[in-house]
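> Build me a structure from this.
(2 chains)
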2 protein chains.
Amino acid sequence: MNIGGKPYRTLWELPGADGIEVIDQRVLPHRFATAVLRTAEDVAVAIREMYVRGAPLIGAAAGYGVYFAARSAAADGVATEVDRAAGLLAAARPTAVNLQWAIRFVLDQVHRGRTADDRRRLALAAARQIVADELDRSRRIGEHGLQLIRDVAARKGEVNVLTHCNAGWLACVDYGTATAPVYAAHEAGIPVHVWVDETRPRNQGAALTAFELGEHGVRHTVVADNAGGHLMQRGMVDLAIVGADRVAANGDTANKIGTYLKALAAHDTGVPFYVALPSSTVDWSLADGAGIPIEERSADEVRYIDGLGPRGPERVRLLPESSPAANPAFDVTPARLVTAFVTEHGVFPPTELRRRVQGR
Amino acid sequence: MNIGGKPYRTLWELPGADGIEVIDQRVLPHRFATAVLRTAEDVAVAIREMYVRGAPLIGAAAGYGVYFAARSAAADGVATEVDRAAGLLAAARPTAVNLQWAIRFVLDQVHRGRTADDRRRLALAAARQIVADELDRSRRIGEHGLQLIRDVAARKGEVNVLTHCNAGWLACVDYGTATAPVYAAHEAGIPVHVWVDETRPRNQGAALTAFELGEHGVRHTVVADNAGGHLMQRGMVDLAIVGADRVAANGDTANKIGTYLKALAAHDTGVPFYVALPSSTVDWSLADGAGIPIEERSADEVRYIDGLGPRGPERVRLLPESSPAANPAFDVTPARLVTAFVTEHGVFPPTELRRRVQGR
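Have a look, this model is predicted:
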């Protein structure tokens, strides 16, 4: 997608695959900067410090991290070096399922090689494969979701979409998940406008989703997380689309805290509520959402907020000094509140999840 | 209620009713300051600039504003002077129904007087009456609501209450509306803990409710507005209590934006959802909530936030420079989602509103 009129991805190879360059998402939306990563250690830091974030993007970056370890190892040390790097990378965000999967995927390829060169070649091919597959999935989610937006447009012209958090291209390599249908609609010339939930406490909506939509030229309006129900009551939302962090086999969906409240409002007001995801987000080992662990993050994310002050980036305290805060980072939306999943396999209700993804 | 161990009200008379002193709520929670108001103009500025806020408190302050005009007028000019002051005060917050009511109440008393001294005496008595009645209503809301908390405590010991925005003593003269039952329970030795919604975009929960509960020694935890549904799903909320800005005759309740989302979550999870209000908040001219006007406030309240930075109070921007924002300030919770109203007349479901308040 575009930034400042120029097409970007969140991650790209330097010439000769000598390193990767990534958008430094810590300083958005107030500053656009990139960072060059040339070693597994660089990648681990970028994941841990959240230069890169979003499950698909973290996985893609980690794939290159394993490759960098293979590349820089001595000829007789590739196998041990990639294992060491894998441990380092996996520890950077211990709860990210997709990260573990991507690391395992590259490792499996590396260990098939018989010579050091073989192993290096296989590692790079695997890292590139992760990126290519990720792009393909996002593109297909966009194509399938486009039809939903097209249907509304045929009925009423402009389409108003509400989204929560950032399941945008900044969380992926390009296109995004929840935003993929929006970008596809924009591309197709359909007038689309996005209500962007601020998404406290980390403000991924206000900082990232608003930034990426604005830079690509998609009309949008940021609202406090409190506002979405009211907008739906007043008929100002045609459909809601969010991403997912983990989906149980029955369709219960863990996503950024506050998603459940928007799903309730959509259900109460008759607004379709869609969850966009690559099918790899489904955790078949969990029968329902009760088993999904909910990360409790630092209370300081509620107590303080980052913004741009008159003298540059600034962190300010919002609470009385002695008031405690709690910060559950995700909630679980019951499958009964999800109108349909939008996946690379198509659009279908939660009851069809197993059949459509696993073919049974 | 207490601040720093010392009992306070939001407004008190100076000796000889020579003026009133109010807590300057603009600088909470980071600084505690008071302001002395001696003229109708002083009071109008304090209302307009939000030194004082909250419907009951604004009404109480305005009553004194009319009295100050009567006091300082020449003997033959009291009647015209109070009318002029009334216009000035009413314009300070044009949408506050309670403000108009309080001004009218004092004016009606003044115009009964036959001499200038008579009129001044009547104005002061009326202003004091507003404060006394306000205190009495809050106290009775607290007593009626206490029983709800007591019932939960009898069943399970500690009681977890969730509230939204600030319907606390800082919005009233003392006790509050939504917080009155909490303070009554605290007083009665019942272990009570309050989940305080941050309440974006103006953060009245994080800045005011957290402050007043903390200073009075009531256990509380601030959460992002997004978190309440999750807390209810996990059984961490025993009851929700919020205030109201305007209630229609059928019980539909306009309150701070986001209230509707919490009411939906409470309904979905079986948590009782109470609305605490003095019955003067009911607008009998409105059959239902569809007619309640929703104030759209400045987008800058979403785009910027105030907090305490390393060098003192600071305003920082949260959004990309070019991203627009919208800021509806209230939403309407349908009566079907309200378990009961907690009023000075007792606790009863929305269907009983007219009978219990109007006696028919």
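
> CA atoms for contacts and neighbours, from now on please.
Noted.

> residue ranges of the strands in the stretch 201-350 of chain A, please?
Ranges of strands in the stretch 201-350 of chain A, per DSSP state E, counting those that start in this stretch, are A:219-223, A:239-242, A:246-248, A:253-256, A:273-276, A:282-283, A:304-309, A:312-317, A:330-333, A:340-343, A:346-348.

> Give me the contact status of the first one with chain B.
What it means is strand A:219-223. Yes - using CA under 8 Å from any CA of the partner chain, strand A:219-223 reaches chain B at A:220, A:221, A:222, A:223.

> Let's test this: mean pLDDT of that strand, rounded?
The pLDDT scores in strand A:219-223 average 98.

> What of the last one?
Mean pLDDT, computed over strand A:346-348, is 98.

> in it, what counts as buried?
Buried residues in strand A:346-348, counted by 16 or more other CA atoms under 10 Å in any protein chain shown: A:346, A:347.

> Distance from that strand to the middle of the chain?
Distance of strand A:346-348 from the chain centroid (CA atoms, centre = their mean, to the nearest Å) equals 19 Å.

> Check which helices and strands that strand sits against.
Applying 3 or more CA pairs under 8 Å, 6 or more residues apart in numbering or on different chains; DSSP states H and E, we find strand A:346-348 packed against helix A:116-156, strand A:340-343.

> List the pairing partners of it within its sheet, with orientation.
Applying DSSP bridges to the sheet, strand A:346-348 is found paired with strand A:340-343 (antiparallel).

> Spell out which residues of the stretch 251-360 of chain A are next to chain B.
A:257-262, A:264-265, A:302, A:306-310, A:314-328, A:331-332.

> ok, the residue of the stretch 1-150 of chain A found nearest chain B - how many residues close by?
Closest to chain B within the stretch 1-150 of chain A is residue A:29: 5.3 Å, counting by CA to the nearest CA. By the criterion of other CA atoms under 10 Å in any protein chain shown, residue A:29 has 21 neighbours.

> Next, it: secondary structure please.
Secondary structure for residue A:29, judged by DSSP: H, G, I helix; E, B strand; the rest coil, is coil.

> Contacts only, for it.
With contacts defined as CA atoms under 8 Å, 6 or more residues apart in numbering or on different chains, residue A:29 is in contact with A:207, A:208, A:211, B:319, B:320.

> cool, and residue A:328?
A:257, A:294, A:295, A:296, A:297, B:227.

> ok, now residue A:247?
So residue A:247 contacts A:253, A:254, A:281, A:282, A:283, A:289 (CA under 8 Å, 6+ apart).

> Now with 6 Å, please.
For residue A:247, the contact set (CA atoms under 6 Å, 6 or more residues apart in numbering or on different chains) comprises A:253, A:282, A:283.

> thinking again about what came up before, now the helices and strands packed on strand A:346-348 in TSV, with mean pLDDT, distance to residue B:345 and mean neighbour count?
Output for the helices and strands packed on strand A:346-348, formatted as TSV (pLDDT from 0 to 100; distance: least, CA to CA, whole Å; neighbours: other CA atoms under 10 Å in any protein chain shown):
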stretch	mean pLDDT	distance to residue B:345	mean neighbour count
helix A:116-156	97	48	20
strand A:340-343	98	47	28
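
> Okay, now the unreliable bits of chain A?
By pLDDT under 70, the weakly predicted segments of chain A are A:360.

> 90 - rerun?
Residues of chain A that meet the criterion pLDDT under 90 lie in A:55, A:93-98, A:280-281, A:291-295, A:358-360.

> hmm, back to that, turn the contacts of residue A:247 into TSV, including neighbour count.
Conversion of the contacts of residue A:247 to TSV gives the following (neighbours: other CA atoms under 10 Å in any protein chain shown):
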residue	neighbour count
A:253	30
A:282	22
A:283	19
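
> Dihedrals phi and psi, residue A:285?
With angles defined as degrees, to the nearest 10, residue A:285 sits at phi -80, psi -10.

> And the helix or strand harbouring residue A:84, what's buried?
Taking DSSP states H and E as the definition, residue A:84 sits inside helix A:78-90. By 16+ other CA under 10 Å, the buried positions in helix A:78-90 come out as A:78, A:79, A:81, A:82, A:83, A:85, A:86, A:88, A:89, A:90.

> check contacts around the fourth one.
If I follow you right, that is residue A:82. Neighbours of residue A:82 in contact, by CA under 6 Å, 6+ apart: A:66, A:69, A:70.

> out of the residues you listed, which are inside helices?
A:66, A:69, A:70 (DSSP state H).

> I'd like the distance from residue A:121 to residue A:132, if you could.
Remark: distance between residue A:121 and residue A:132 (CA to CA, to the nearest Å) = 16 Å.

> thinking again about what came up before, in ChimeraX, select just the buried ones from the residues of the stretch 251-360 of chain A next to chain B.
A single ChimeraX command selects the buried members of these (16+ other CA under 10 Å):
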select /A:257,258,259,260,261,262,264,265,302,306,307,308,309,314,315,316,317,318,319,320,323,324,325,326,327,328,331,332
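
> could you measure residue A:295 against chain B, distance?
Per CA to the nearest CA, to the nearest Å, residue A:295 is found 12 Å from chain B.
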